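**Student:** Here is a sequence with its predicted model. Questions after.
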Amino acid sequence: MISGPRKKWEEITREERYFTGVLFHDMRSHPGPVLALLVGKLKLPERTTIEDMGFEVCFFRDAAFEGLMKRERHLEKQTFDLSVILSDQRMVIVEAKAQQDFDTEQLDNLVHAKSLIEGGRLWSVETVNLVALFSSRYRPRSETLAYFDATFNWNDIAHLYPENQDIYWRADSIYGDKPRVALV
């Protein structure tokens, strides 16, 4: 028998898709805070604006279906946690982690995806920046950080969107947690 109040899913989940989903909706409602962060981190002109954004973007599958680029079968299932199209013909791909480390194979695929998008003539993006979003408790190796043009953490996001700061603080706090043993 369960005793006490039941926890909300946002207090239990460890899935970064949940946290990036909340961030996507915050960005759609109020893009300015993340835009200012990206402008500062990527050293972009102040006049830069967000033209479009996506969450869990299956870029190669959907862009090929629309005839915007050549089909890349080996990348059709790859998703970008967040993608942001900026006014200067730039795409920012945000790779997010909460409870886990970055995986080298996944990062190699991101770099390959970046080169294909920048090299595509039908997709109107000249530059692709890879940005890492992870826990402030995580200390990636320098080799890992070299894959990215900029980094920020969930704690930074909590300060940008105070209405959901508890959710972002949770995303920031779960890195390295050990599983609890159920008392049955």
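**Tutor:** Yes, it's here. Numbers count the residues shown, from 1 in each chain.

**Student:** now the strands for this protein?
**Tutor:** Counting by DSSP state E, one finds strands in the chain at the ranges 50-57, 80-86, 90-96, 127-134, 150-153.

**Student:** can I get the CA coordinates of the second one in PDB?
**Tutor:** Right, the one you point to is strand 80-86. C-alpha atoms of strand 80-86 as PDB (Å, rounded to 0.1, in the frame of the first residue of the first chain):
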ATOM      1  CA  PHE A  80      17.700  16.900 -32.900                       C
ATOM      2  CA  ASP A  81      16.500  17.700 -29.400                       C
ATOM      3  CA  LEU A  82      15.900  21.300 -30.300                       C
ATOM      4  CA  SER A  83      16.600  23.100 -33.600                       C
ATOM      5  CA  VAL A  84      16.500  26.900 -33.900                       C
ATOM      6  CA  ILE A  85      16.600  28.700 -37.200                       C
ATOM      7  CA  LEU A  86      18.000  32.200 -36.900                       C
END
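
**Student:** neighbouring strands for it, and are they parallel or not?
**Tutor:** Taking DSSP bridges as the criterion, strand 80-86 forms sheet pairs with strand 50-57 (antiparallel), strand 90-96 (antiparallel).

**Student:** tell me which helix or strand of this structure sits lowest on mean pLDDT?
**Tutor:** The weakest-scoring helix or strand in the chain, judged by mean pLDDT, DSSP states H and E, is helix 59-65 (a mean of 90).

**Student:** what is residue 85 paired to in the beta sheet?
**Tutor:** With DSSP bridges as the criterion, residue 85 is bridged to residue 52, residue 91.

**Student:** Name all residues that make contact with it.
**Tutor:** Neighbour list for residue 85: 50, 51, 52, 53, 91, 92, 125 [criterion: CB atoms under 8 Å, 6 or more residues apart in numbering]. C-beta here means a position set from N, CA and C on the backbone, and glycine is covered the same way.

**Student:** Next up, the contacts around residue 135.
**Tutor:** For residue 135, the contacting residues are 97, 98, 99, 153, 154, 171, 172, 173, 174, 175, 176, by CB under 8 Å, 6+ apart.

**Student:** quick check, nearest of those to residue 117?
**Tutor:** The closest of the contacts of residue 135 to residue 117 turns out to be residue 97 (CB to CB; 21.5 Å).
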